[in-house]
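Peer 1: Sequence first, predicted model second:
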Amino acid sequence: MATTDLSPLYRTLVGFDRISSLIDQATRLDTATGYPPFNVEQVDDNAFRIELAVAGFAQDDLAIEYKQNTLIVAGKRTQPDDGRTFLHRGIAERSFERRFSLADHVRVDSAKLENGLLTIDLVRELPEALKPRKIEIGAAKPVKARVVDAANEAA
């Protein structure tokens, strides 16, 4: 994959230097294996859902962690030696770690495991200071004229 040089943008965009590191991080994450398969869905303007197909994993085999705008979903599966002989093994059941970069102010709302599908609900919650607000326009206050006596000012 070709590298993109964003340095010309930095001359006119102030405070956007984080974009370059986010793009680099996304390209590194994109080269990860396709296991387990997943969906990312936008439920509404401020809600998202990640679904991972984790067939064969129990709730105790899975871990979800959020740190520094990164959601990490890991599955650790130990293969029991139960004496079974497989002619074909198509269900992977191997350990994995999947990382998702989340935008600022996106938090994990809930997670559930049902029928081999791990569903993680995310919510974007903007702080009050960042929400749009209406600014009332008030009337200008009248300025009182002040009479200055030039003769008394000089003295």
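Peer 2: Received the coordinates, thanks.
Peer 1: what about stretch 44-64, how long is it end to end?
Peer 2: End-to-end distance for stretch 44-64: 23 Å, by C-alpha to C-alpha, to the nearest Å.
Peer 1: and what of stretch 58-66?
Peer 2: End-to-end distance of stretch 58-66 (C-alpha to C-alpha): 20 Å.
Peer 1: Show me what that stretch is in contact with.
Peer 2: Applying C-beta atoms under 8 Å, 6 or more residues apart in numbering, the external contacts of stretch 58-66 come out as 54, 71-77, 102, 107-108, 111, 113, 118, 120. The C-beta positions use only the backbone N, C-alpha and C, and glycine is treated the same way.
Peer 1: Widest-spaced pair of these?
Peer 2: The largest separation in the contacts of stretch 58-66, counting by C-beta to C-beta, is between Arg77 and Arg107 at 27.8 Å.
Peer 1: And these two? Which one has more around it.
Peer 2: In this view Arg77 and Arg107 are compared by other C-beta atoms under 10 Å, and Arg77 has more residues nearby, 16 against 12.
Peer 1: So that one is in contact with Ala55, correct?
Peer 2: No - judged on C-beta atoms under 8 Å, Arg77 makes no contact with Ala55 at a distance of 10.7 Å.
Peer 1: hey, what's in contact with both of these two?
Peer 2: Counting by C-beta under 8 Å, 6+ apart, the shared contacts of Arg77 and Ala55 are Glu93.
Peer 1: Check the secondary structure at Leu22 for me.
Peer 2: On the three-state scheme (DSSP: H, G, I helix; E, B strand; the rest coil), Leu22 is labelled helix.
Peer 1: Ok, Gln42 next?
Peer 2: Classified using three-state DSSP, Gln42 is strand.
Peer 1: tell me which residues form a beta bridge with the closest residue to it other than its chain neighbours?
Peer 2: Spatial nearest neighbour of Gln42, chain neighbours left out: Phe48 (5.6 Å); criterion: C-beta to C-beta, 6 or more residues apart in numbering. Per DSSP bridges, the residues bridged to Phe48 are Gln42, Leu122.
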